[in-house]
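*Asks:* could you look at this predicted model? Sequence included:
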Amino acid sequence: MTPAETAAMFALLTDAVKILGPAGLAAFVSYRVAKTQAGTELAKVRAEHAYRARSEMFALHKGELEQGAATSKQIAEATGQIVGYIAGLRPAEGEGPLPILSIVALNYSRRVPDEFAIVAARFQDAGIGDRPELRMLSEAVRRVPDWGAAIRPSIPELTERLLALQTAYDLLQRCLSLLIERELKGALAAYLESTK
């Protein structure tokens, strides 16, 4: 090889390094940036889906809590009707609002064991151990041996069942509130940690 050929080859290689070096470095940096951005975007999407799923669970529990509050309100109104009935004139047995109130109370009574079983299963699924609220609910459910038994339309029996119902549904609401609280804490935990 002649010195002129060597100089030409050296100039060509120098020009190639000057062009390809920065281009290769730029390509490598672009690849790393794109990979990091894709990972960040994926984490963001996962967090949004987890938050949306927890929001749906929260909405479900909230709906159940509202339904329980409506049931408690109806039971309280029925109890108020009995108190008003006691204060007023007493018609003969089988007349007045007592038979209808007995049917209403029986309708709600039949649901109590299943409602308790559902809440107990949800506590177990959520990993909430043996809580005092759940024990109190269990005890309230056991106080009435047969929730499906007919209720005589008499003031003492009806009052006793309505009070038992009120206690059971109040405790059901408290247990549902605990489930909502746990779900809300879980949904917001990541966000609360990121703000510290």
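*Replies:* Structure received.

*Asks:* pull the distance from the helix ranked longest in the chain to the chain's centre.
*Replies:* In the chain, with assignment by DSSP state H, the single longest helix is helix 3-87. Distance of helix 3-87 from the chain centroid (Cα atoms, centre = their mean, to the nearest Å) equals 21 Å.

*Asks:* now the element after it, going C-ward?
*Replies:* Where DSSP states H and E defines the elements, the next helix or strand beyond helix 3-87 is helix 98-126.

*Asks:* which other helices and strands contact the following helix or strand past that next one?
*Replies:* The first helix or strand that comes after helix 98-126 along the chain, using DSSP H and E, is helix 132-143. When contacts are defined as 3 or more Cβ pairs under 8 Å, 6 or more residues apart in numbering; DSSP states H and E, helix 132-143 sits against helix 98-126, helix 155-194. In this view, the C-beta of every residue, glycine as well, is placed from N, C-alpha and C.

*Asks:* make CSV out of those and add mean pLDDT.
*Replies:* Output for these, formatted as CSV (pLDDT from 0 to 100):
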stretch, mean pLDDT
helix 98-126, 85
helix 155-194, 80
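
*Asks:* so which of these gets nearest Glu56?
*Replies:* Of all those, helix 155-194 sits nearest to Glu56, with 9.9 Å by Cβ to Cβ.

*Asks:* now do the buried residues in the closest one.
*Replies:* Neighbour counts over helix 155-194 (16 or more other Cβ atoms under 10 Å) mark 158-159, 161-162, 164-176, 178-180, 182-184, 187 as buried.

*Asks:* now for the longest helix of the chain, which elements pack on it?
*Replies:* Partner elements for helix 3-87 (3+ Cβ pairs under 8 Å, 6+ apart): helix 98-126, helix 155-194.

*Asks:* of all those helices, which one comes closest to Val45?
*Replies:* Across the helices and strands packed on helix 3-87, Val45 has its closest neighbour in helix 155-194 (14.0 Å, Cβ to Cβ).

*Asks:* for Ile151, give me phi and psi.
*Replies:* For Ile151, the backbone dihedrals (degrees, to the nearest 10) come out as phi -110, psi 120.

*Asks:* does it touch Val104 like I think?
*Replies:* No. Using Cβ atoms under 8 Å, Ile151 is not in contact with Val104, being 9.6 Å away.

*Asks:* what residues are up against Leu184?
*Replies:* With contact set as Cβ atoms under 8 Å, 6 or more residues apart in numbering, Leu184 has these partners: Phe58.

*Asks:* who wins for proximity to Arg54 among the helices and strands packed on helix 132-143?
*Replies:* Comparison of the helices and strands packed on helix 132-143 against Arg54 by Cβ to Cβ identifies helix 155-194 as nearest, at 3.5 Å.

*Asks:* got the angle between the closest one and helix 98-126?
*Replies:* Using axes from the mean of the first three to the mean of the last three Cα atoms, to 10 degrees, one finds that helix 155-194 and helix 98-126 are set 30 degrees apart in direction.
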